[in-house]
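> model the structure of this input:
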Amino acid sequence: MEENISDLVKKGNQLIIDGDFEKALSYFEQAIIIQPNNPDILNKKGVALRGLGRYDEALECFNKSLQLDPRDLDSS
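Coordinates of the predicted model:
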């Protein structure tokens with residue numbers, strides 16, 4: 001199961017690099033279904049949402065990520 005999450009996150013990260021935030025979001029949402037309280041995945045979802053201009057939703061993801069791990073250095 002962990003490998004599946006890793007694959008989903010890698011694909012999502014590549015899509016962010018490619019500028020395809022909509023597809024990236026779908027990969028991060030799939031990963032969150034498996035690990036809903038993973039701060040790193042929530043942060044990545046926030047990055048994708050921010051790329052789509054969905055700032056309120058992105059902020060919710062960033063805040064939840066920080067609540068789960070206040071020392072999460074990757075949080076935006």
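> looking at it, residue 27 is touching residue 5, isn't it?
No. Residue 27 is beyond contact range of residue 5, at 10.1 Å (criterion: CB atoms under 8 Å). All C-beta spots, glycine's among them, are computed from the backbone N, C-alpha and C.
> more neighbours, those two?
Neighbour comparison, residue 27 and residue 5: the larger count goes to residue 27, with 23 against 18 (by other CB atoms under 10 Å).
> is the more buried one in a helix, a strand, or coil?
Look at residue 27: counting by DSSP: H, G, I helix; E, B strand; the rest coil, its state is helix.
> and it, what is it in contact with?
Counting by CB atoms under 8 Å, 6 or more residues apart in numbering, residue 27 touches 8-9, 11-12, 15.
> residue 65: which of the residues you listed is nearest?
Closest to residue 65 out of the contacts of residue 27 is residue 9 (13.7 Å), distances taken as CB to CB.
> in the chain, where's the longest helix?
Ranked by residue count, the top helix of the chain under DSSP state H comes out as helix 2-18.
> near the closest residue to residue 27 other than its chain neighbours, how many other residues are there?
Nearest residue to residue 27, sequence neighbours excluded (CB to CB, 6 or more residues apart in numbering): residue 12, at 3.6 Å. A count of nearby residues for residue 12, using other CB under 10 Å, gives 26.
> with that, I have no additional questions.
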